[in-house]
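Undergrad: Take this sequence and fold it.
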Amino acid sequence: MFRSLSEDLQHAFSYGNMVTRLMIIQSGVFVVTALLSAFLPSFYQADILPWIALPGDFHTFLYRPWTWVTHFFIHGGLWHLIWNMLTLYWFGNITGDLLGDKKILPVFFLGGLAGGLVFLLSSLLLNSPGGFAVGSSAAVLSVLFAAVATAPEYRMHLILIGPVRIKFIGLFILFIDIIGTQSASNAGGHIAHLGGALFGFLFVALLRKGYDLSDWSLPKNFNKQSPVKRRSLKVAHKSSALTQKTNNENSSSVIDQILDKIKLRGYESLTAEEKEILYQASKKE
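TA: Modelled structure (predicted):
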(Lines give C-alpha, C1' and ligand atoms only; values in the text may rest on other atoms or scores of the structure.)
Protein backbone atom coordinates (compact mmCIF):
# COMPACT_ATOMS: atom_id res chain seq x y z
CA MET A 1 0.00 0.00 0.00
CA PHE A 2 2.72 2.47 0.98
CA ARG A 3 4.69 1.61 -2.16
CA SER A 4 1.64 2.25 -4.30
CA LEU A 5 0.98 5.54 -2.51
CA SER A 6 4.60 6.59 -3.02
CA GLU A 7 4.41 5.77 -6.71
CA ASP A 8 1.18 7.74 -7.07
CA LEU A 9 2.72 10.78 -5.39
CA GLN A 10 5.85 10.54 -7.53
CA HIS A 11 3.73 10.33 -10.66
CA ALA A 12 1.57 13.28 -9.61
CA PHE A 13 4.64 15.36 -8.75
CA SER A 14 6.42 14.51 -12.00
CA TYR A 15 3.51 14.99 -14.38
CA GLY A 16 1.24 17.37 -12.45
CA ASN A 17 1.23 21.14 -12.81
CA MET A 18 2.89 23.53 -10.35
CA VAL A 19 -0.25 23.77 -8.22
CA THR A 20 -0.19 20.00 -7.72
CA ARG A 21 3.50 20.05 -6.82
CA LEU A 22 3.07 22.84 -4.28
CA MET A 23 0.14 21.00 -2.69
CA ILE A 24 2.21 17.81 -2.38
CA ILE A 25 5.13 19.67 -0.80
CA GLN A 26 2.93 21.58 1.62
CA SER A 27 1.01 18.46 2.63
CA GLY A 28 4.20 16.43 3.06
CA VAL A 29 5.75 19.04 5.34
CA PHE A 30 2.53 19.16 7.35
CA VAL A 31 2.55 15.39 7.89
CA VAL A 32 6.09 15.55 9.28
CA THR A 33 5.43 18.52 11.58
CA ALA A 34 2.08 17.11 12.71
CA LEU A 35 3.70 13.81 13.72
CA LEU A 36 6.43 15.63 15.62
CA SER A 37 3.87 17.82 17.36
CA ALA A 38 1.74 14.80 18.30
CA PHE A 39 4.45 12.47 19.60
CA LEU A 40 7.12 14.95 20.71
CA PRO A 41 5.10 18.05 21.59
CA SER A 42 7.57 19.65 24.00
CA PHE A 43 10.53 19.05 21.70
CA TYR A 44 8.66 20.36 18.67
CA GLN A 45 7.36 23.50 20.36
CA ALA A 46 10.64 24.39 22.07
CA ASP A 47 13.36 23.17 19.72
CA ILE A 48 11.92 22.97 16.20
CA LEU A 49 9.04 25.41 15.68
CA PRO A 50 10.97 28.53 16.81
CA TRP A 51 13.59 27.75 14.15
CA ILE A 52 11.20 27.39 11.20
CA ALA A 53 8.42 29.86 12.09
CA LEU A 54 8.88 33.56 11.28
CA PRO A 55 9.45 35.42 14.57
CA GLY A 56 7.64 38.69 15.21
CA ASP A 57 10.73 40.07 16.90
CA PHE A 58 13.01 41.61 14.26
CA HIS A 59 16.14 41.11 16.37
CA THR A 60 15.41 37.38 16.61
CA PHE A 61 14.77 37.26 12.87
CA LEU A 62 18.26 38.59 12.14
CA TYR A 63 19.66 35.38 13.63
CA ARG A 64 17.13 33.19 11.79
CA PRO A 65 16.75 34.74 8.32
CA TRP A 66 15.80 31.40 6.70
CA THR A 67 12.47 31.57 8.53
CA TRP A 68 11.41 34.16 5.96
CA VAL A 69 11.01 31.20 3.60
CA THR A 70 10.34 28.22 5.86
CA HIS A 71 7.36 29.83 7.61
CA PHE A 72 5.06 29.58 4.61
CA PHE A 73 5.68 25.86 4.20
CA ILE A 74 4.35 24.91 7.65
CA HIS A 75 0.84 25.15 9.10
CA GLY A 76 -0.65 25.47 12.53
CA GLY A 77 -3.33 22.82 12.11
CA LEU A 78 -5.20 20.54 9.73
CA TRP A 79 -7.97 23.02 8.92
CA HIS A 80 -5.37 25.71 8.26
CA LEU A 81 -3.76 23.42 5.70
CA ILE A 82 -7.06 22.31 4.14
CA TRP A 83 -8.29 25.87 3.62
CA ASN A 84 -5.04 27.00 2.03
CA MET A 85 -4.79 23.94 -0.21
CA LEU A 86 -8.38 24.28 -1.43
CA THR A 87 -7.85 27.96 -2.18
CA LEU A 88 -4.57 27.21 -3.94
CA TYR A 89 -6.21 24.46 -5.98
CA TRP A 90 -9.19 26.59 -7.06
CA PHE A 91 -7.42 29.83 -7.84
CA GLY A 92 -4.01 28.41 -8.71
CA ASN A 93 -5.50 26.54 -11.65
CA ILE A 94 -7.34 29.68 -12.77
CA THR A 95 -4.13 31.71 -12.60
CA GLY A 96 -2.27 28.94 -14.41
CA ASP A 97 -4.84 28.92 -17.21
CA LEU A 98 -4.74 32.71 -17.56
CA LEU A 99 -1.03 33.47 -17.12
CA GLY A 100 0.66 30.13 -17.67
CA ASP A 101 1.83 27.42 -15.29
CA LYS A 102 5.33 28.90 -15.08
CA LYS A 103 3.97 31.96 -13.28
CA ILE A 104 2.52 30.00 -10.34
CA LEU A 105 5.74 29.32 -8.40
CA PRO A 106 7.11 32.88 -8.64
CA VAL A 107 3.78 34.40 -7.60
CA PHE A 108 3.43 31.94 -4.72
CA PHE A 109 7.04 32.27 -3.52
CA LEU A 110 7.35 36.04 -3.87
CA GLY A 111 3.88 36.51 -2.37
CA GLY A 112 4.94 34.48 0.66
CA LEU A 113 8.05 36.63 1.02
CA ALA A 114 5.95 39.79 0.70
CA GLY A 115 3.58 38.59 3.42
CA GLY A 116 6.49 37.77 5.72
CA LEU A 117 8.08 41.16 5.11
CA VAL A 118 4.84 42.98 5.91
CA PHE A 119 4.49 40.89 9.08
CA LEU A 120 8.00 41.86 10.22
CA LEU A 121 7.53 45.52 9.35
CA SER A 122 4.20 45.71 11.16
CA SER A 123 5.75 44.23 14.30
CA LEU A 124 8.64 46.69 14.06
CA LEU A 125 6.64 49.82 13.24
CA LEU A 126 3.80 49.11 15.64
CA ASN A 127 6.32 48.25 18.34
CA SER A 128 4.50 45.01 19.13
CA PRO A 129 7.09 42.23 18.85
CA GLY A 130 6.07 38.77 19.85
CA GLY A 131 4.56 35.62 18.46
CA PHE A 132 5.41 34.13 15.10
CA ALA A 133 3.92 33.62 11.66
CA VAL A 134 3.25 30.25 10.04
CA GLY A 135 1.25 29.13 7.03
CA SER A 136 1.07 29.79 3.30
CA SER A 137 -1.99 32.05 3.43
CA ALA A 138 -0.13 35.12 2.15
CA ALA A 139 1.44 33.10 -0.68
CA VAL A 140 -1.91 31.55 -1.59
CA LEU A 141 -3.68 34.92 -1.52
CA SER A 142 -1.00 36.27 -3.84
CA VAL A 143 -1.99 33.59 -6.36
CA LEU A 144 -5.68 34.29 -5.75
CA PHE A 145 -5.39 38.03 -6.35
CA ALA A 146 -3.21 37.50 -9.41
CA ALA A 147 -6.25 35.74 -10.87
CA VAL A 148 -8.56 38.52 -9.68
CA ALA A 149 -6.34 41.22 -11.17
CA THR A 150 -6.09 39.38 -14.50
CA ALA A 151 -9.75 38.44 -15.00
CA PRO A 152 -12.01 39.96 -12.32
CA GLU A 153 -15.15 38.93 -14.21
CA TYR A 154 -14.16 35.24 -14.25
CA ARG A 155 -17.00 33.21 -12.70
CA MET A 156 -16.68 30.37 -10.19
CA HIS A 157 -19.57 28.10 -9.28
CA LEU A 158 -19.92 27.96 -5.51
CA ILE A 159 -21.96 25.32 -3.70
CA LEU A 160 -25.39 26.61 -2.61
CA ILE A 161 -24.67 29.99 -4.20
CA GLY A 162 -24.05 29.41 -7.89
CA PRO A 163 -21.84 31.41 -10.25
CA VAL A 164 -19.92 34.23 -8.55
CA ARG A 165 -17.41 36.60 -10.11
CA ILE A 166 -14.01 36.16 -8.51
CA LYS A 167 -13.67 39.89 -7.90
CA PHE A 168 -16.42 39.61 -5.29
CA ILE A 169 -14.68 36.65 -3.66
CA GLY A 170 -11.51 38.73 -3.50
CA LEU A 171 -13.34 41.70 -2.00
CA PHE A 172 -14.92 39.49 0.66
CA ILE A 173 -11.53 38.05 1.64
CA LEU A 174 -10.01 41.55 1.77
CA PHE A 175 -12.87 42.66 4.01
CA ILE A 176 -12.27 39.77 6.42
CA ASP A 177 -8.53 40.45 6.60
CA ILE A 178 -8.94 44.20 7.05
CA ILE A 179 -11.26 43.57 9.98
CA GLY A 180 -8.86 40.92 11.25
CA THR A 181 -6.05 43.46 11.59
CA GLN A 182 -7.85 44.68 14.70
CA SER A 183 -7.94 41.20 16.20
CA ALA A 184 -6.21 40.70 19.52
CA SER A 185 -5.05 37.18 18.65
CA ASN A 186 -3.88 37.20 15.01
CA ALA A 187 -3.57 40.80 13.82
CA GLY A 188 -0.09 40.19 12.40
CA GLY A 189 -1.32 37.21 10.40
CA HIS A 190 -4.07 39.24 8.76
CA ILE A 191 -1.61 42.02 7.96
CA ALA A 192 0.63 39.42 6.31
CA HIS A 193 -2.36 38.23 4.27
CA LEU A 194 -2.87 41.77 2.96
CA GLY A 195 0.80 41.88 1.98
CA GLY A 196 0.44 38.72 -0.09
CA ALA A 197 -2.77 39.98 -1.71
CA LEU A 198 -1.14 43.29 -2.59
CA PHE A 199 1.77 41.49 -4.23
CA GLY A 200 -0.62 39.48 -6.43
CA PHE A 201 -2.10 42.75 -7.73
CA LEU A 202 1.37 44.28 -8.15
CA PHE A 203 2.67 41.27 -10.09
CA VAL A 204 -0.10 41.52 -12.69
CA ALA A 205 0.07 45.33 -12.85
CA LEU A 206 3.79 45.21 -13.63
CA LEU A 207 3.23 42.37 -16.09
CA ARG A 208 0.78 44.55 -18.01
CA LYS A 209 3.45 47.25 -18.20
CA GLY A 210 5.97 44.78 -19.56
CA TYR A 211 7.89 43.87 -16.40
CA ASP A 212 7.83 40.16 -15.60
CA LEU A 213 8.91 39.55 -12.00
CA SER A 214 8.98 35.82 -12.70
CA ASP A 215 11.81 36.25 -15.23
CA TRP A 216 15.02 36.25 -13.20
CA SER A 217 17.34 35.61 -16.13
CA LEU A 218 19.72 38.25 -17.42
CA PRO A 219 19.34 39.35 -21.03
CA LYS A 220 21.88 38.08 -23.52
CA ASN A 221 25.04 40.16 -23.88
CA PHE A 222 24.19 41.83 -20.59
CA ASN A 223 26.32 44.84 -19.69
CA LYS A 224 25.93 48.14 -17.90
CA GLN A 225 24.64 49.85 -21.02
CA SER A 226 22.19 47.18 -22.15
CA PRO A 227 18.56 47.78 -21.17
CA VAL A 228 16.62 45.12 -19.34
CA LYS A 229 14.26 43.29 -21.62
CA ARG A 230 10.62 44.12 -21.03
CA ARG A 231 8.06 41.40 -21.49
CA SER A 232 4.40 41.91 -22.15
CA LEU A 233 1.57 40.16 -20.35
CA LYS A 234 0.54 36.98 -22.09
CA VAL A 235 -2.38 34.79 -21.11
CA ALA A 236 -2.25 31.04 -21.55
CA HIS A 237 -5.18 28.78 -22.38
CA LYS A 238 -5.10 25.00 -22.16
CA SER A 239 -6.59 23.75 -25.38
CA SER A 240 -6.42 20.44 -27.17
CA ALA A 241 -7.17 21.90 -30.60
CA LEU A 242 -4.16 23.51 -32.22
CA THR A 243 -4.49 25.71 -35.29
CA GLN A 244 -2.04 27.36 -37.59
CA LYS A 245 -3.75 30.73 -37.44
CA THR A 246 -1.05 32.62 -35.53
CA ASN A 247 -0.14 35.33 -37.97
CA ASN A 248 -0.44 39.07 -37.56
CA GLU A 249 -3.53 38.70 -35.37
CA ASN A 250 -1.50 37.84 -32.27
CA SER A 251 0.25 41.17 -32.26
CA SER A 252 0.63 43.11 -29.03
CA SER A 253 -2.36 45.33 -29.74
CA VAL A 254 -4.65 42.37 -30.39
CA ILE A 255 -3.50 40.65 -27.20
CA ASP A 256 -4.17 43.83 -25.22
CA GLN A 257 -7.67 44.06 -26.67
CA ILE A 258 -8.40 40.47 -25.67
CA LEU A 259 -7.06 41.06 -22.14
CA ASP A 260 -9.29 44.10 -21.83
CA LYS A 261 -12.24 41.95 -22.89
CA ILE A 262 -11.35 39.42 -20.17
CA LYS A 263 -11.18 42.22 -17.63
CA LEU A 264 -14.60 43.59 -18.58
CA ARG A 265 -16.58 40.43 -19.36
CA GLY A 266 -14.58 37.48 -18.05
CA TYR A 267 -12.58 34.73 -19.73
CA GLU A 268 -15.70 32.79 -20.69
CA SER A 269 -16.76 35.65 -23.00
CA LEU A 270 -13.88 34.96 -25.41
CA THR A 271 -14.52 33.26 -28.70
CA ALA A 272 -12.71 30.06 -29.62
CA GLU A 273 -10.53 32.06 -32.02
CA GLU A 274 -9.55 34.56 -29.32
CA LYS A 275 -8.68 31.76 -26.90
CA GLU A 276 -6.51 30.16 -29.56
CA ILE A 277 -4.69 33.45 -30.20
CA LEU A 278 -3.88 33.72 -26.49
CA TYR A 279 -2.74 30.12 -26.37
CA GLN A 280 -0.42 30.51 -29.34
CA ALA A 281 0.95 33.78 -27.94
CA SER A 282 1.78 32.10 -24.63
CA LYS A 283 3.81 29.42 -26.46
CA LYS A 284 6.15 32.10 -27.80
CA GLU A 285 7.07 33.28 -24.29
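Undergrad: Tell me who's in contact with A34.
TA: Taking CB atoms under 8 Å, 6 or more residues apart in numbering as the contact definition, A34 lies against L78. In short, each C-beta sits where N, CA and C put it, glycine included.
Undergrad: That one and P41, how far apart?
TA: 11 Å (CB to CB, to the nearest Å).
Undergrad: Across the sheet, point out what pairs with R155.
TA: Per DSSP bridges, the residues bridged to R155 are R165.
Undergrad: and it, how far is that from L171?
TA: 15 Å.
Undergrad: any chance you could map the helices in the protein?
TA: Assigned by DSSP state H, the chain shows helices spanning 2-15, 18-39, 41-43, 49-52, 58-62, 67-70, 78-99, 104-125, 137-150, 166-180, 187-208, 252-265, 272-283.
Undergrad: pLDDT of the shortest one, averaged?
TA: In this case it means helix 41-43. Helix 41-43 carries an average pLDDT of 94.
Undergrad: Any idea how far that helix is from the middle of the chain?
TA: On the basis of CA atoms, centre = their mean, to the nearest Å, helix 41-43 is displaced by 32 Å from the centre of the chain it belongs to.
Undergrad: Just list what that helix packs against, helices and strands only.
TA: Using 3 or more CB pairs under 8 Å, 6 or more residues apart in numbering; DSSP states H and E as the contact criterion, no secondary-structure element is in contact with helix 41-43.
Undergrad: Could I get the buried residue list for that helix?
TA: Under the neighbour-count criterion of 16 or more other CB atoms under 10 Å, helix 41-43 has nothing buried.
Undergrad: what do you get for stretch 20-38?
TA: Using 16+ other CB under 10 Å as the test for burial, stretch 20-38 gives T20, R21, L22, M23, I24, Q26, V29, F30, T33, A34, L36, S37.
Undergrad: what's the closest of these to D47?
TA: L36 (9.9 Å; CB to CB).
Undergrad: From M85, how far out is the nearest residue to the closest one once chain neighbours are set aside?
TA: Once its chain neighbours are removed from consideration, L36 has its nearest residue in Y44; the separation is 4.4 Å (CB to CB, 6 or more residues apart in numbering). According to CB to CB, Y44 stands 22 Å off from M85.
Undergrad: And those two? Which one has more around it.
TA: Set side by side, Y44 and M85 show more neighbours around M85, with 21 against 17, by other CB atoms under 10 Å.
Undergrad: And for the closest residue to L54 other than its chain neighbours, the neighbour number?
TA: Beyond its immediate neighbours in the sequence, the residue positioned closest to L54 (CB to CB, 6+ apart) is H71, lying 3.7 Å away. H71 is flanked by 25 other residues according to other CB under 10 Å.
Undergrad: and F132, how many neighbours does it have?
TA: The tally of other residues near F132 (other CB under 10 Å) stands at 20.
Undergrad: got it, and I178?
TA: Once other CB under 10 Å is used to define contacts, I178 is seen to have 13 neighbours.
Undergrad: what residues are up against the closest residue to it other than its chain neighbours?
TA: On the basis of CB to CB, 6+ apart, the spatially nearest residue to I178 that is not a chain neighbour turns out to be L194, at 7.2 Å. By CB under 8 Å, 6+ apart, the contact list for L194 reads V118, L174, D177, I178, T181.
Undergrad: switch the cut-off to 10 Å
TA: Counting by CB atoms under 10 Å, 6 or more residues apart in numbering, L194 touches A114, G115, V118, S122, A138, L141, I173, L174, D177, I178, G180, T181.
Undergrad: can you check G189 too?
TA: G189 makes contact with 76, 115, 119, 131-135, 137-138, 177, 180-181, 183 under the criterion CB under 10 Å, 6+ apart.
Undergrad: Do you know the pLDDT at it?
TA: The per-residue pLDDT of G189 was computed as 88.
Undergrad: same check, this time on T87
TA: Turning to T87, the model gives it a pLDDT of 95.
Undergrad: Can you verify my assumption that it contacts A138?
TA: No. The pair T87 / A138 is not scored as a contact, 11.7 Å apart, by CB atoms under 10 Å.
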